[in-house]
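Colleague: sequence plus the predicted model coming up.
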Amino acid sequence: MQLIPSILVTGGAGYIGSHTAVSLAKAGFRVVLLDNYSNSDVKAVHGVRSLINADVPFYEVDCRDKDALIDVFRTEQEMGHEIKGVIHFAALKSVGESVENPSLYEDNNIVGTERLLEVMREFDVENLVFSSSCTVYGEPEVVPVDENAPFLEAESPYGFTKQACEKLIVDHLKPNPEFNAVILRYFNPIGAHPSATIGESPNGVPNNLIPYLCQSVAGIRGALQVFGTDYPTPDGSCIRDYLHVMDLAEAHVSALEYLFKDKLRGKDTGWRAYNLGTGKGASVLEVIEAFEKVTGRSVPYSIAERREGDVVAIWANASRAKDELGWEAKRSLEEALNDSWKWQKKRPDSQ
Ligand code: NAD
Ligand code: UFG
């Protein structure tokens, strides 16, 4: 009997995947990483190996390549490490790029998920954790938003792929009653591993607030533009629920343990979605202020026009994750911003 379950982490060289791999290993899982390096590189894999202090297997594979996926599952099986669960992070995630090239996003994210589900079925792998996003809710009518909020029309092709993948997973369950899935809807992950060995490394000019802010403070970019201060919020800037990536990583451990525990009880759980956030909103101007306070560095910024497609205010009701998975975010916004800054200072392009 296999004592240490092997978990395949697709997108394992990416931002959230690499941090999750570390938390999984610390929790006693054996981790197998897979990535096509379309938005990452081998440095994150080295970082994971050094933090885990073990030679984590890595496969350079595209999730749309079914034969290559089959090879991964078979190779691990032949080595006596049958894969028992999959965490599926692999996806393209740039909202703007998805608007310019929707078919790329549909192909990469939806076809990649379809192929993975097919191969999981061939190898009788019954446990899946899927990376979804609060983008599935669009502009919510009520905040904090809970998991029963309706899916509104997707704001972008990227958001559409998340809605479509959630549906694919639920549909996959009908003919596969043994299959179990936890769908995790992330709010806004920020921060880095506290050792600054791994972190977020976006290619090119960052679209997201924290990587841009850090690069701006490091002098790599111009002043941060605050996209709109005329919204109906207390200080006029948009509100989000920023959570530390290590809290997010640990939520995946809780989700897997939940799946495995349920299996042990011989129950068929089907699927369940969970919001992952802190339950607290912070505005863009509050984030700037918190960053300055915790790092002692001033943020160069100017007020700019609203960015098209931005949701005004969203934060999570994450009580379901607390009640059922036993998970809640523990780290503060300040700690997350400090860890983002520590990571930025260590990156070669920050010199
Ligand atoms: P990331 O780009 O850092 O990581 C994704 C990884 O998947 C990358 O390493 C990329 O090379 C890889 N990848 C992409 N397509 C692939 C394919 N077809 N085959 C194999 N590998 C592929 O992004 P992240 O921030 O770590 O996001 C991970 C997941 O979480 C994604 O599904 C994303 O949509 C979701 N998510 C992210 C956020 C966020 O703000 N970061 C919010 C909500 C949801
Ligand atoms: N912002 C700025 N200036 C910038 C960048 C962002 O003011 O240079 C503002 C945005 O207008 C928004 C807030 O900072 O009000 C957060 O923006 P991000 O781009 O960091 O994050 P979003 O909430 O827009 O979207 C992110 C991911 C999506 C994901 C969503 C929910 O980019 O893929 O979180 O998880 F779907």
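Modeller: Good, I have the coordinates. If you're wondering where the values come from, they're calculated on a predicted model, not measured in any experiment. Residues are numbered from 1 along each chain as shown. Ligands and ions are numbered 1, 2, ... in the order given.
Colleague: where do the helices sit along the stretch 151-300 of the chain?
Modeller: Assigned helices in the stretch 151-300 of the chain, in chain order: 157-173, 209-217, 245-264, 284-295 (criterion: DSSP state H, counting those that start in this stretch).
Colleague: and Phe130, what are its bridge partners?
Modeller: Beta-bridge partners of Phe130, counted by DSSP bridges, are His88, Ile183.
Colleague: can you report how many residues lie near it?
Modeller: Using other Cβ atoms under 10 Å, Phe130 has 25 other residues around it. In this view, the C-beta of every residue, glycine as well, is placed from N, C-alpha and C.
Colleague: from Leu259, how far out is it?
Modeller: To Leu259, Phe130 is 12 Å away according to Cβ to Cβ, to the nearest Å.
Colleague: quick check: the residue of the stretch 51-200 of the chain found nearest ligand 2 vs Leu128, distance?
Modeller: Taking Cβ to the nearest ligand atom, ligand 2 has its nearest neighbour within the stretch 51-200 of the chain at Thr135, 3.4 Å off. Using Cβ to Cβ, Thr135 is found at 20 Å from Leu128.
Colleague: now swap in Val42 and tell me
Modeller: Distance, Val42 to Leu128, using Cβ to Cβ: 26 Å.
Colleague: check Gly236 too.
Modeller: Going from Gly236 to Leu128 by Cβ to Cβ gives 41 Å.
Colleague: so between the two, which is more surrounded?
Modeller: The neighbour count for Gly236 versus Leu128, taken as other Cβ under 10 Å, is higher for Leu128 (26 against 15).
Colleague: list the contacts for the more buried one?
Modeller: Gly85, Val86, Ile87, His88, Leu117, Met120, Ile169, Phe179, Asn180, Ala181, Val182 (Cβ atoms under 8 Å, 6 or more residues apart in numbering).
Colleague: which parts of this structure sit against ligand 1?
Modeller: 10-11, 13-17, 35-40, 62-64, 89-93, 108, 112, 131, 133, 186, 188-189 (Cβ under 6 Å from any ligand atom).
Colleague: sorry, back to before: which stretch in the helices of the stretch 151-300 of the chain has the least confidence?
Modeller: Confidence, taken as mean pLDDT, is least for helix 245-264 of these (a mean of 90).
Colleague: and that helix, how far out from the chain middle?
Modeller: Its chain's average C-alpha position is 14 Å from that of helix 245-264, according to Cα atoms, centre = their mean, to the nearest Å.
Colleague: which elements pack onto that helix?
Modeller: Helix 245-264 sits against helix 15-26, strand 83-88, strand 127-133, strand 180-186, strand 188-190, strand 271-276, with contacts defined as 3 or more Cβ pairs under 8 Å, 6 or more residues apart in numbering; DSSP states H and E.
Colleague: next, see if it gets close to ligand 2.
Modeller: No - interface with ligand 2: helix 245-264 contributes nothing (Cβ under 6 Å from any ligand atom), its closest point being 10.4 Å away.
Colleague: how far off strand 271-276 does that helix point, in degrees?
Modeller: For helix 245-264 against strand 271-276, the angle by axes from the mean of the first three to the mean of the last three Cα atoms, to 10 degrees is 160 degrees.
Colleague: correct me if wrong: Ile110 contacts Lys162.
Modeller: No - Ile110 is not in contact with Lys162 according to Cβ atoms under 8 Å; the separation is 9.7 Å.
Colleague: so Tyr37 sits right up against Phe58, yeah?
Modeller: No - counting by Cβ under 8 Å, Tyr37 does not reach Phe58; the two are 10.1 Å apart.
Colleague: overlap in contacts, the two.
Modeller: Ala13.
Colleague: neighbour count winner among these two?
Modeller: Neighbour totals were compared for Tyr37 and Phe58, and Phe58 leads with 21 against 13 (other Cβ under 10 Å).
Colleague: tell me which residues touch that one, please.
Modeller: Gly12, Ala13, Val32, Leu33, Leu34, Asp35, Val45.
Colleague: if we go to 7 Å?
Modeller: Residues near Phe58 by Cβ atoms under 7 Å, 6 or more residues apart in numbering: Leu33, Val45.
Colleague: tell me the phi and psi of it?
Modeller: Phi and psi for Phe58, reported as degrees, to the nearest 10, are phi -130, psi 140.
Colleague: sorry, back to before: mind putting the helices and strands packed on helix 245-264 in TSV, mean pLDDT and distance to ligand 2 included?
Modeller: Below are the helices and strands packed on helix 245-264 laid out as TSV (pLDDT from 0 to 100; distance: least, Cβ to the nearest ligand atom, whole Å):
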stretch	mean pLDDT	distance to ligand 2
helix 15-26	98	11
strand 83-88	98	16
strand 127-133	97	4
strand 180-186	96	5
strand 188-190	98	5
strand 271-276	96	9
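Colleague: using TSV, please lay out these together with distance to Gly219.
Modeller: Listed next are the helices and strands packed on helix 245-264 as TSV, based on distance: least, Cβ to Cβ, whole Å:
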stretch	distance to Gly219
helix 15-26	23
strand 83-88	36
strand 127-133	31
strand 180-186	30
strand 188-190	20
strand 271-276	33
